[in-house]
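# Whatever this is, show me its structure:
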Amino acid sequence: MTLFAKSKKTTHKELSDTFEVSIKTIQRDIDKLSMMGLPIICKQVNQGGIYVEESYKLTNEDLQTITFALSMYDSISKKT
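Residues are numbered from 1 along each chain as shown. I've put the predicted structure just below:
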């Protein structure tokens with residue numbers, strides 16, 4: 001998520017390379033973040049990419065909460 005704090009836009013490929021996971025994993029994580037209420041927009045055109053709405057400001061607390069929630073979700077989903 002720090003990529004979103006530093007940049008207005010990223011791509012599935014950039015996130016995949018950064019976190020050394022598959023693009024499919026990134027897609028699932030983006031879906032999870034959207035379900036958690038993070039205003040993420042994905043566009044698939046020439047200027048496409050993954051954006052967080054400009055009006056939304058990520059705080060350090062937001063980043064910690066999101067990281068914790070994703071780790072809990074992964075922990076729970078691996079048990080089923």
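
# What residues does the residue nearest the centre of the chain make contact with?
By Cα atoms, centre = their mean, the chain has its centre lying nearest to I30, at 4.4 Å. Listed by Cβ atoms under 8 Å, 6 or more residues apart in numbering, the contact set of I30 reads 12, 40, 42, 50. All C-beta atoms are positioned from the backbone trio N, CA, C, and that covers glycine.

# Kindly recompute the last result at 7 Å.
Residues counted as contacts of I30 (Cβ atoms under 7 Å, 6 or more residues apart in numbering) are 40, 42, 50.

# measure K43 to Y51 for me?
7 Å (Cβ to Cβ, to the nearest Å).

# go on, T18?
In terms of Cβ to Cβ, T18 sits 16 Å off from Y51.

# Between those two, tell me which one has more neighbours.
Y51 (17 against 12; other Cβ atoms under 10 Å).

# Without its sequence neighbours, what residue ends up closest to that one?
The shortest distance from Y51 to any non-neighbouring residue, by Cβ to Cβ, 6 or more residues apart in numbering, is to I41 (4.6 Å).
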